[in-house]
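> Quick one, structure for this:
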Amino acid sequence: MSRYLLDASALLALLHDEPGADAVATLLPDAAMSSVNWSEVVQKALAHGVETDGLRADLESVGLEIIGFDATHAEDAARLWHRGAGDLSLADRACLATAMGRGMRAVTADRRWAEIDPGPAVQLIR
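Numbering: from 1, shown residues only. Model prediction:
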């Protein structure tokens, strides 16, 4: 089982070679991403005219696992909103809830995540 759950911001940093890309690259063989956050990555790529055919297969070939977002994760994401993380997007709360439910470390570029208490272990990439 993967130990790290990537937020869209982390994977996008890698794909765009932004600050933090090296940190994400080292985690990739032991990383996963929620299907909700994967949808966010694909949407942003399409919005910028980037071809996404084969992108998932390329990332999976180097270890990234795309995992489903289930009803329990959905309920946990709603509870995060109720516990004071309401300023985070649904996709952000989906990542956090999935990480918590699976005992994984959430990896993100969003510093706000480290302030959520109680929340999952968070690793900032920059």
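
> any idea of the pLDDT on residue 68?
pLDDT, residue 68: 96.

> And for the residue nearest to it when sequence neighbours are not counted, the neighbour number?
Nearest in space to residue 68, with sequence neighbours left out and distances taken as C-beta to C-beta, 6 or more residues apart in numbering, is residue 35 at 5.4 Å. Quick note: C-beta positions are derived from backbone N, CA and C, even for glycine. Residue 35 has 15 neighbours, counted by other C-beta atoms under 10 Å.

> just residue 85 next, same as before
21.

> Is it correct that it is in contact with residue 96?
Yes. Under the contact definition of C-beta atoms under 8 Å, residue 85 touches residue 96, with a separation of 7.2 Å.

> Quick check: the gap between the residue nearest to residue 68 and residue 69.
Computed as C-beta to C-beta, to the nearest Å, the residue 35 to residue 69 distance reads 5 Å.

> now do residue 46
Counting by C-beta to C-beta, the gap from residue 46 to residue 69 is 20 Å.

> These two: which has the busier surroundings?
When neighbours are counted by other C-beta under 10 Å, residue 46 and residue 69 differ, and residue 69 comes out ahead with 20 against 11.

> Confirm that that one sits in a helix.
No. Assigned with DSSP: H, G, I helix; E, B strand; the rest coil, residue 69 falls outside any helix and is coil.

> Not counting its neighbours along the chain, what's nearest it?
If the residues on either side of it in the chain are set aside, residue 69 comes closest to residue 36, at 4.7 Å by C-beta to C-beta, 6+ apart.
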